[in-house]
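*Asks:* have a look; sequence and predicted model below, questions after that.
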Amino acid sequence: MCDDFVTKGTKCIGVAANYNELLKILNKPVPKVPDFFIKPISSYIKECQKIIIPKGFKVNEEIELGVVIGKKCTKVPEQNAMDYISGYCVALDMTATCRLTEARQTGGSWTLGKGFDTACPVSGFIPKSKIPDPHNVDLWCTVNGIQKQNGNTNDLVFNVPFLVSYISSYITLEPYDVIITGSPPGMGPVHKGDVIEGGIKDIVTIKFEVDSE
Ligand SMILES: O=C([O-])CC(=O)C(=O)O
Ligand SMILES: [Mg+2]
């Protein structure tokens, strides 16, 4: 597995509302099964590129732990799920809240709200050995140097093996596919000229500038 994993996967799957603390703040019940969506791989950007807010859109940042799949898998039992992971990344699940609010009201799809070009900034590939426990990862995110998000993956509602097992029971996962595991609370709107920094404490830092159409 190498650093340009983003060009080799077939999909990025995002998990919605997967932090207990976030559900508490939103006053939402803990779901029985994860809710997830697909971000097209055309939405990936690396640090040399800017996040471009589409004309008229309102966009939030969401810092997330990404799980990179190492081997093709279908219907993986939870107890074997970690064997199918090659590593991790940190990602920003850029979210067009204007579209999501409308989609929630009308029952419409999340495709545009989650999948516009540049909606998935990612770090380089982090080998599995660097994160021995994916459920003790400190995620942080600042906008223009101001702390916005701070969370630990020990607060995930559905943990990494469960996500791989559950998702793969319906959708075959392939090498270099990424599951972004949900965002801790604190996400908020970003604007042209903002600089978003984030990462996993002691492991990786990313920095992306925001521009608009
Ligand atoms: O943006 C949302 O509403 C859901 C989501 O992706 C998250 O909680 O990470
Ligand atoms: Mg998200």
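*Replies:* In hand now; what should we look at? Ligands and ions are numbered 1, 2, ... in the order given.

*Asks:* let's verify H135: helix, strand, or coil?
*Replies:* coil (DSSP: H, G, I helix; E, B strand; the rest coil).

*Asks:* list the contacts for it?
*Replies:* T153, N154, L156, N159, V160 (C-beta atoms under 8 Å, 6 or more residues apart in numbering). (Each C-beta comes from the backbone N, C-alpha and C, glycine too.)

*Asks:* now it. Its backbone dihedrals?
*Replies:* phi -100, psi 20 (degrees, to the nearest 10).

*Asks:* once you drop chain neighbours, what's closest to A96?
*Replies:* Excluding the flanking residues, the one nearest A96 by C-beta to C-beta, 6 or more residues apart in numbering is G113, at 4.3 Å.

*Asks:* can I take it that the one you found is in a helix?
*Replies:* Yes - the assignment for G113 is a helix, going by three-state DSSP.

*Asks:* so A119 is in contact with I38, correct?
*Replies:* No - assessed by C-beta atoms under 8 Å, A119 is found out of contact with I38, at 11.6 Å.

*Asks:* more crowded one of those two?
*Replies:* Legend: neighbour count by other C-beta atoms under 10 Å for A119 and I38, higher for A119 (27 against 17).

*Asks:* who's in contact with that one?
*Replies:* K39, S43, I51, D93, M94, T95, A96.

*Asks:* try Y88
*Replies:* L65, G66, V67, V68, F125, I126, K128, K130, I131, P134, I200.
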